[in-house]
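K.L.:
Next come a sequence and a model predicted from it.
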Amino acid sequence: MSQQSISRRRLLGTAAATTAAFTIVPRHVLGGAQHTAPSEKLNIAGIGVGGMGKSNLSQLESENIVALCDVDHVYAAGTFKKYPQAKVYTDYREMLDKEKGIEAVMIATPDHTHAVISMEAMRRGKHVYCQKPLTHDVYEARMLAKAARETGVTTQMGIQGHSMEGARLIGEWIADGAIGEVREVDAWCSLSYYPFGHAYWSSKWSRRPKDTPPVPATLNWDLWLGPAPQRPYHPAYHPAVWRCWWDFGSGMMGDRGAHTLDPVVWALKLGHPTSIEATRWTSMRISIPSPPS
């Protein structure tokens, strides 16, 4: 079996069964039946750890978090501090070159870099956990699926609701016929990304910014842009407000749609759509009720 198609745990188990040259210390020697031996832990690296990546890493602390990478060392400073034993990098390629012991990566960068980073990790034989949306477009998704098959690594897209009880309950209710045959599903979300730069509820950045403030000293703007077209740095894009710009984000469908529609597709066992119709709003009207007197 090739190195790319065999997991570390399977390798260790096979080696132990055939009395290989190294020894795995039994759990009971190190602290009881519930203790995980160091040799059974994965060496994990986090890429994009200032936002959602910080939360993802907190769920991986049973493993070895050996390296952290972020293009903005101020935005990610809290995560760096939380895992002082992990090596810190700015460029994920340098990290993968130097940290030969990495076995899996957690990716929580902006949408436009998900595919290129995931692809590079898989080509190097690393298992991948990538935040939703998995890619920026359909072509990228197909290429990643092809790479996963060819390399034999384990992959997973991060969508928290898929791991929670609610989505499973919906599936059970539908399968049990609790509400009868489902003919139509309406889904919506109250969050809006308009005006552009949704964290700033004003018309301040309703078009691409014209001013060019200096790039913060702790941010590598070229690496943040990645495969996106070159443009000057502006706080209208980073941090946290990149989703509403097509070069970087996937809008509401890539963000909230992934959560809202996932249990629908799962419970109803839907396949690929036969047609899609989109409507673009040319204006928006917001009504805010007056507070009670």
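P.N.:
That came through, no problem.

K.L.:
Report the residue ranges of every domain in this structure.
P.N.:
The domain map for the chain lists 1-40, 42-159, with the assignment taken from automatic domain parsing.

K.L.:
Quick one: mean pLDDT for the first one?
P.N.:
Right, domain 1-40. Averaged across domain 1-40, pLDDT comes to 45.

K.L.:
And stretch 110-129, what's buried?
P.N.:
The neighbour-count check on stretch 110-129 (16 or more other Cβ atoms under 10 Å) flags 110-122, 124-129 as buried. Yep, even glycine has a C-beta here, placed from its N, CA and C like the rest.

K.L.:
which stretches of the stretch 151-293 of the chain have low pLDDT?
P.N.:
With pLDDT under 70 as the threshold, the stretch 151-293 of the chain has low-confidence stretches at 192-207, 280-293.

K.L.:
quick one: the helices in it?
P.N.:
For the stretch 151-293 of the chain, applying DSSP state H, counting those that start in this stretch gives helices covering 165-175, 221-225, 251-252, 258-268.

K.L.:
Which of these sits closest to residue 213?
P.N.:
Put simply, out of the helices of the stretch 151-293 of the chain the one that sits nearest residue 213 is helix 221-225, at 11.2 Å, with distance taken as Cβ to Cβ.

K.L.:
Contacts for that closest one next, please.
P.N.:
Applying Cβ atoms under 8 Å, 6 or more residues apart in numbering, the set of residues contacting helix 221-225 from outside is 71, 72, 90, 91, 110, 215, 231, 233, 238.

K.L.:
Buried ones in that helix, by neighbour count?
P.N.:
221, 223, 224, 225.

K.L.:
residues contacting the closest residue to residue 159 other than its chain neighbours?
P.N.:
With Cβ to Cβ, 6 or more residues apart in numbering as the criterion, residue 159 has its nearest non-adjacent residue at 4.6 Å, and that residue is residue 132. Neighbour list for residue 132: 157, 158, 159, 254, 258, 259 [criterion: Cβ under 8 Å, 6+ apart].

K.L.:
how far away is the fifth one from residue 135?
P.N.:
When distances are taken as Cβ to Cβ, to the nearest Å, residue 258 and residue 135 turn out to be 11 Å apart.

K.L.:
and those two? which has more neighbours close in?
P.N.:
Each of residue 258 and residue 135 had its neighbours counted (other Cβ atoms under 10 Å), and the higher figure belongs to residue 135 (24 against 20).

K.L.:
follow-up on the earlier one: out of the domains of the chain, which one sits most buried?
P.N.:
Highest mean neighbour count among the domains of the chain (mean count of other Cβ atoms under 10 Å): domain 42-159, with a mean of 19.

K.L.:
isn't residue 161 right next to residue 167, touching?
P.N.:
Yes: contact status for residue 161 versus residue 167: in contact at 5.5 Å, counting by Cβ atoms under 8 Å.

K.L.:
shared neighbours of those two, which are they?
P.N.:
262, 263.

K.L.:
Pretty sure residue 143 sits against residue 116.
P.N.:
No: with contact defined as Cβ under 8 Å, residue 143 and residue 116 do not form a contacting pair (10.2 Å).

K.L.:
Overlap in contacts, those two.
P.N.:
With contacts defined as Cβ under 8 Å, 6+ apart, no residue is adjacent to both residue 143 and residue 116.

K.L.:
gap between the residue nearest to residue 245 when sequence neighbours are not counted and residue 220?
P.N.:
Leaving out its chain neighbours, the residue that sits closest to residue 245 by Cβ to Cβ, 6+ apart is residue 237, at 6.1 Å. Distance of residue 237 to residue 220, computed by Cβ to Cβ: 14 Å.

K.L.:
Going by how many neighbours each has, rank these two and give me the top one.
P.N.:
Taking neighbours as other Cβ under 10 Å, residue 237 and residue 220 compare with residue 237 leading, 27 against 15.

K.L.:
you'd agree residue 216 is up against residue 74?
P.N.:
Yes: with contact defined as Cβ under 8 Å, residue 216 and residue 74 form a contacting pair (6.9 Å).

K.L.:
May I have the phi/psi pair for residue 77?
P.N.:
Torsion angles at residue 77 (phi, psi; degrees, to the nearest 10) stand at phi -60, psi -40.
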